[in-house]
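Colleague: following is a predicted model, sequence given first.
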Amino acid sequence: MPADASLRYSIPGDNTLALTDALARDIRRHFAADRENRFQLFLLAAGIRKRYMRRKGSQKDEYEEEFRNWYASKEMDKLFGQLPNLAKYGAAGEVIAHTATLKDSEKYLQRLPTSMRALYSTHLLLQRDKKLFEVCLTIHPTRKSVDEPQSEWGMKGDTPLIHPDATSQEIDVFVERWFATHQPSQSPVNKEKMVLLAKFYVSKDLFAFDKKTGQHLCKVDIKEVEELLGELQRKLPKGKVFAVEDDITKIRDKYYKAKRRSGSAAKILAKPSQRIVKSKTKPSAKKAPKKS
């Protein structure tokens, strides 16, 4: 390592680490610079996405050939990863740009996570419901059913759903549950006054996904299961004569956990340190032939 680099990246000595206001300011400056640089990078990717991504007929959006050639020639994949990953950087930038248009934007921008994955999950929420996105910047909302009015929503804890340390998994789970077709029954079974009428089951293949491709391997999906339960609830006569007890919350959690652990989703969830170690590991030296 060159001498100037070794000095630049040397660990600070005791004389610069006195517990003073200056040390606190220095730490905050580095954190602020890191956050600003990441946000500007996400916004740059969003601009690239808007400028060079086009829809090809009825097919999915894709980057123009000229841009793909430039991306490959400049080895941008070493920075962003493959093109689908660049699109996620751009999605993160769209979240930042939208938040910047809100009233009290400075306050809400400080609540955004800096993780690209977490911001990408937040973008999925923003696409589904802009008003809900803004609510999640202030609280972690809860509701008992999909048709419950906002005036009756509850609140989980004191921390908003979207906060600096929020993870992509936390936000994904919230979105999956919030927009689920079927919500748990609001009328629990009174086992002291009721008798079991019937039981019905679903195949364990509901949780089966191809580990390499992430393709779901069951003939029915979670949405069909939720719709079936919802239809059953609607057809039951109103009153306290009939009731349904279900395990849909546990089933839904198990389904999405299995989905996240399969295919490309599993690679995304892999710890960065594990991927780096794996990619940086040098091939072992060939063993010397044994002496005869």
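Modeller: Received, thanks.
Colleague: give me every residue that touches the residue positioned nearest the centre of the chain.
Modeller: Residue closest to the average C-alpha location in the chain (Cα atoms, centre = their mean): residue 168, at 2.8 Å. When contacts are counted by Cβ atoms under 8 Å, 6 or more residues apart in numbering, residue 168 touches 115, 117-118, 120-121. Heads up, the C-betas are built off the backbone N, CA and C, glycines and all.
Colleague: could you dump those to a markdown table with neighbour count, pLDDT and secondary structure?
Modeller: Converted to a markdown table, those look like this (neighbours: other Cβ atoms under 10 Å; pLDDT from 0 to 100; DSSP: H, G, I helix; E, B strand; the rest coil):
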| residue | neighbour count | pLDDT | secondary structure |
| --- | --- | --- | --- |
| 115 | 17 | 90 | coil |
| 117 | 17 | 91 | helix |
| 118 | 24 | 92 | helix |
| 120 | 23 | 93 | helix |
| 121 | 27 | 93 | helix |
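Colleague: would you map the helices across the stretch 151-292 of the chain?
Modeller: Secondary structure of the stretch 151-292 of the chain (DSSP state H, counting those that start in this stretch): helices located at 168-178, 222-235, 248-260, 263-269, 272-280.
Colleague: the longest one packs against which elements?
Modeller: Think helix 222-235. Contacting helix 222-235 under the criterion 3 or more Cβ pairs under 8 Å, 6 or more residues apart in numbering; DSSP states H and E are the following elements: helix 248-260.
Colleague: list the buried residues of the helix it packs on.
Modeller: 248, 251-252, 255-256, 259-260 (16 or more other Cβ atoms under 10 Å).
Colleague: before we move on, the earlier item: from residue 32, how far off is the residue nearest to the centre of the chain?
Modeller: Residue 168 is 23 Å from residue 32, where distance means Cβ to Cβ, to the nearest Å.
Colleague: one more: residue 109?
Modeller: Residue 109 sits 12 Å away from residue 32, going by Cβ to Cβ.
Colleague: check residue 212 too.
Modeller: Applying Cβ to Cβ, the value for residue 212 to residue 32 is 42 Å.
Colleague: over to residue 157?
Modeller: Taking Cβ to Cβ, one finds residue 157 at 27 Å from residue 32.
Colleague: which helix runs longest in the chain?
Modeller: helix 21-52 (DSSP state H).
Colleague: please compute how far that one lies from its chain's middle.
Modeller: Here the centre of helix 21-52 is set off from its chain's centre by 20 Å, with Cα atoms, centre = their mean, to the nearest Å.
Colleague: cool, stretch 67-86 as well?
Modeller: 22 Å.
Colleague: what stretches of the chain score poorly on pLDDT?
Modeller: The model of the chain has pLDDT under 70 over residues 1-3, 5-7, 9, 11, 55-60, 181-189, 238-239, 263-292.
Colleague: for the stretch 1-150 of the chain, what spans make up the helices?
Modeller: According to DSSP H, counting those that start in this stretch, the helices that the stretch 1-150 of the chain contains are 3-8, 21-52, 65-73, 77-80, 83-99, 105-109, 116-128, 130-136.
Colleague: among those, which comes closest to residue 230?
Modeller: Checking the helices of the stretch 1-150 of the chain against residue 230 by Cβ to Cβ gives helix 116-128 as the closest, at 19.1 Å.
Colleague: now the angle between helix 83-99 and that closest one, please.
Modeller: 60 degrees (axes from the mean of the first three to the mean of the last three Cα atoms, to 10 degrees).
Colleague: contacting residues for the residue nearest to residue 41 when sequence neighbours are not counted?
Modeller: When the adjacent residues along the chain are set aside, residue 41 lies closest to residue 89, with 7.0 Å between them (Cβ to Cβ, 6 or more residues apart in numbering). When contacts are counted by Cβ under 8 Å, 6+ apart, residue 89 is found next to 41-42, 45-46, 80, 116.
Colleague: can you check residue 156 too?
Modeller: 139-142.
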